[in-house]
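1. fold the stuff below for me.
(one chain, ligands or ions: 1)
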Amino acid sequence: MNKYLMIGIIVLVIVAVGAYLYMNNQTPSAGITDEATNDAMVKKESNETAVEEKSENEAMEKTEDTAITDESTKEFTLNASSFKYDVTEIRVKKGDTVKIILNNTGGIHDWVIDEFDARTKQINDGETDTVTFVASETGEFEYYCSIGNHRAMGMVGTLIVEE
Ligand SMILES: [Cu+2]
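-> As a prediction, the model looks like this:
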């Protein structure tokens, strides 16, 4: 009886090993691996395409910026917080194109100059907006934040346009 049991176990093991080897050699499983590799390659390709498109867009944006920013454009970066700008005096020449880059580091603010009809959007904490205008007149002009009572609280500065 014991001997038959032993033979039975040996046969089972042989069948199991045979089945295992057979399944491992099946082409379908190899096909699945290939497919997965293909998928990965396709994904990689589409990512690369996306990256290329993105850098093309960036290049185009840069070209546009360069087109606007000729030598008569004066660029100023201001940080707005409650309740002040870190730059309180801006000095340009008459006829200059002035580009204001407003970064908001706290609260809700904007940047307005009435005489040149220029204003940024009202922006939130962490946002940035820009406004570009031509300083067509000489003089001293107050710029300010138009939110609530910020102007009264001293959120102002002076644009000086010289001859
Ligand atoms: Cu403000």
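2. just the buried residues of the helix or strand hosting E140, please?
-> Assigned by DSSP states H and E, E140 falls within strand 139-144. Judged by neighbour count (16 or more other CB atoms under 10 Å), strand 139-144 contains these buried residues: F141, Y143, Y144. (C-beta placed from N, C-alpha, C; glycine too.)
3. TSV for those residues, including pLDDT?
-> Shown next, in TSV, are the buried residues of strand 139-144 (pLDDT from 0 to 100):
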residue	pLDDT
F141	98
Y143	98
Y144	98
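4. returning to that earlier point: the helix or strand following the strand holding E140 pairs with which strands, parallel or anti?
-> Using DSSP H and E, the helix or strand that follows strand 139-144 in sequence is strand 156-162. Note on strand 156-162: by DSSP bridges, its sheet partners are strand 89-93 (parallel), strand 139-144 (antiparallel).
5. ok, which of these comes nearest the ion?
-> Nearest of the strands paired with strand 156-162 to the ion, taken as CB to the ion: strand 139-144 at 8.4 Å.
6. find the nearest non-adjacent residue to D129, please.
-> Excluding the flanking residues, the one nearest D129 by CB to CB, 6 or more residues apart in numbering is T120, at 4.1 Å.
7. all set, thanks.
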